[in-house]
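*Asks:* based on what follows, work out the 3D shape:
(chains A and B)
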Protein chains: 2
Amino acid sequence: MALKVYGHVITPAVQRVMVYLAEKELEYKYIPVNIFAGDHKKQPYLSLNPFGLVPAFKDGDVTLFESRAIIRYIEETYKGKTHLTLDDPKKMGAVYTWMETEALHFDPAAMKLVFQLCTTQVLGIPMNEALVAENQGKLNSVLDVYEDRLSKSRYLGADSFTMADLFHLPGINSLMSTKLRPMFEDRPHVNAWVNDILARPSWAEIIALKKSQS
Amino acid sequence: MALKVYGHVITPAVQRVMVYLAEKELEYKYIPVNIFAGDHKKQPYLSLNPFGLVPAFKDGDVTLFESRAIIRYIEETYKGKTHLTLDDPKKMGAVYTWMETEALHFDPAAMKLVFQLCTTQVLGIPMNEALVAENQGKLNSVLDVYEDRLSKSRYLGADSFTMADLFHLPGINSLMSTKLRPMFEDRPHVNAWVNDILARPSWAEIIALKKSQS
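*Replies:* Reported below is the predicted structural model:
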């Protein structure tokens, strides 16, 4: 088996690559990295990802990092079962726009909120209330834009499920277990979209894997 | 002429799209948005970019935002003069990785530093020294990784100039006029790379356009 994903399934960025591979029904080897012992900040892992972040990825002699880059590499290299991009470049532009929106607007706010609302409890460190308020405001603005977009388009990037939607799964799933769940539920189009994408069998696979590893 | 870029050439994200179009030698119409009067935060501009950020882009009935998404759309839709991606998907993976690195690691630190070191002076507001120190630390770590990468590869994504390099031009150009210039100059491989990419004729075109508009 050629494809190898290094990291830990507890982390959203590793989940992003894994749910993508589950959608494509591509086989791969999951190589756990003990992030609790800080192994991702040491060699030999740093030779796979010099930023000391998970995931890293290998396909033969190709070594990559950054979850969204790994996904785009696989999308162009292997066919797989599901087509998560569009053949029409005119329609693909919107998919790119909403992929960037996830990476640059949704995810930075979502990840700071998940850290403050969940990870601080696990680590037993104080929550930064100001940071929560700041990022809740940012997420609110992002979800207002999403509500409008999803009132006109069944999915974010197109009328079909694409990478733009898939990229959101780990962050949304994490936030849905926090007090911020109503931010999604109170917006009817966002709520329908969240229920739709979280119900995908690919995501159920990742949740099951996560439970088996914790 | 079909392609329209909305925004202001003073902003890095608009420069990113424009230097790309200059590299491709594609014709387009630049439609200035008066960001000083806040026109990007009002209708009709918000119908082009609901986040109220520049640039926005139109190609006939295709409307897009996010500079890197606009660039990828054009790359797949129009041939243009220069090829800024690679035909070999195995080699394109690294280009994607370093494109993501720019967007998620380099640019967030660079833009916060440009705002604090340059924009606060223009606006006559106080500089946040703690934010400068925090992001200088982040940029330092990123440039350490770049120095290592550029000691093994002539450009970030490949041995030839690609979108991964081009994406950095606006941020690097802005930082080179600040006290942080030595962060680039003191790293020999980063320094050679910066000098190389800033010397591209496409970038000289953007600098000239910026001067003519200020």
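
*Asks:* was I right about A:Val62 contacting B:Lys90?
*Replies:* Yes - using CB atoms under 8 Å, A:Val62 makes contact with B:Lys90 at a distance of 5.7 Å. Where C-beta positions appear, they are placed from N, C-alpha and C, glycine not excepted.

*Asks:* from A:Leu143, how far off is the closest residue to A:Leu150 other than its chain neighbours?
*Replies:* Take A:Leu150 and drop its neighbours on the chain: the residue closest to it by CB to CB, 6 or more residues apart in numbering or on different chains is A:His189, 3.8 Å away. Distance, A:His189 to A:Leu143, by CB to CB, to the nearest Å: 10 Å.

*Asks:* the more surrounded of these two?
*Replies:* Counted by other CB atoms under 10 Å in any protein chain shown, A:His189 and A:Leu143 do not tie: A:Leu143 has more neighbours, with 19 against 16.

*Asks:* contacting residues around the lowest-mean-pLDDT helix or strand in chain A?
*Replies:* Taking mean pLDDT, DSSP states H and E as the measure, chain A has helix A:120-123 as its least confident helix or strand, at a mean of 92. Identification of contacts with helix A:120-123 by CB atoms under 8 Å, 6 or more residues apart in numbering or on different chains yields A:126-128.

*Asks:* quick one: which of these sit in helices?
*Replies:* Among the contacts of helix A:120-123, no member falls in helices (DSSP state H).

*Asks:* of those residues, which is the nearest to A:Glu185?
*Replies:* Checking the contacts of helix A:120-123 against A:Glu185 with CB to CB, the nearest one is A:Met127 at 22.6 Å.

*Asks:* the closest one contacts A:Cys118, correct?
*Replies:* No - the pair A:Met127 / A:Cys118 is not scored as a contact, 9.9 Å apart, by CB under 8 Å.

*Asks:* domains in chain A, as residue ranges please.
*Replies:* Listed domain ranges for chain A are A:3-82, A:89-202 (source: automatic domain parsing).

*Asks:* gap between the two ends of the first one?
*Replies:* Taking CA to CA, to the nearest Å, the first and last residues of domain A:3-82 lie 18 Å apart.

*Asks:* and stretch A:122-130, by the same measure?
*Replies:* End-to-end for stretch A:122-130, by CA to CA: 20 Å.

*Asks:* secondary structure class for the residue lying closest to A:Val194 once chain neighbours are set aside?
*Replies:* Excluding its sequence neighbours, the residue lying closest to A:Val194 (CB to CB, 6+ apart) is A:Phe184, at 5.0 Å. A:Phe184 falls in the helix class when you classify it by DSSP: H, G, I helix; E, B strand; the rest coil.

*Asks:* picking up where we left off before, now, which of the contacts of helix A:120-123 lie close to chain B?
*Replies:* With the criterion set as CB under 8 Å from any CB of the partner chain, no member of the contacts of helix A:120-123 is near chain B.

*Asks:* narrow these to those that are buried.
*Replies:* Buried subset of the contacts of helix A:120-123 (neighbour count, 16 or more other CB atoms under 10 Å in any protein chain shown): empty, as none qualifies.

*Asks:* give the buried residues for the one helix or strand A:Asn191 maps to.
*Replies:* Here A:Asn191, judged by DSSP states H and E, is contained in helix A:188-198. For helix A:188-198, a neighbour-count test (16+ other CB under 10 Å) marks A:189-190, A:193-194, A:197-198 as buried.

*Asks:* which two from those end up farthest apart in space?
*Replies:* Counting by CB to CB, the most remote pair of the buried residues of helix A:188-198 is A:His189 and A:Leu198, 14.9 Å apart.

*Asks:* rewinding a little: now the domains of chain A in CSV, with distance to B:Thr178?
*Replies:* Below are the domains of chain A laid out as CSV (distance: least, CB to CB, whole Å):
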stretch, distance to B:Thr178
domain A:3-82, 24
domain A:89-202, 23
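
*Asks:* got the residues of chain A near chain B?
*Replies:* Checking chain A against chain B by CB under 8 Å from any CB, the hits are A:50-51, A:59, A:62, A:64-66, A:68-70, A:72-73, A:76-77, A:89-90, A:92-94, A:96-97, A:99-101, A:103-105, A:108, A:141, A:145, A:148-149.

*Asks:* among these, the buried ones, what's the ChimeraX command?
*Replies:* Of the residues of chain A next to chain B, the buried ones go into a single ChimeraX selection, burial set by 16+ other CB under 10 Å:
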select /A:50,51,59,62,64,65,66,68,69,70,72,73,77,89,92,93,94,96,97,99,100,101,103,104,105,108,145,149
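
*Asks:* you'd agree A:Thr97 is in a helix?
*Replies:* Yes - counting by three-state DSSP, A:Thr97 is found in a helix.

*Asks:* tell me the contacts of the nearest residue to A:Ala69 once chain neighbours are set aside?
*Replies:* The shortest distance from A:Ala69 to any non-neighbouring residue, by CB to CB, 6+ apart, is to B:Tyr96 (3.7 Å). Neighbouring residues of B:Tyr96 by CB under 8 Å, 6+ apart: A:64, A:66, A:68-69, A:72-73, B:157.

*Asks:* go with 10 Å
*Replies:* Taking CB atoms under 10 Å, 6 or more residues apart in numbering or on different chains as the contact definition, B:Tyr96 lies against A:64, A:66, A:68-73, A:75-76, B:85, B:89, B:157, B:162-164.

*Asks:* between those residues, which is nearest B:Ala13?
*Replies:* Distances from B:Ala13 to the contacts of B:Tyr96, taken by CB to CB, are shortest for B:Met163, at 14.4 Å.

*Asks:* thank you, goodbye.
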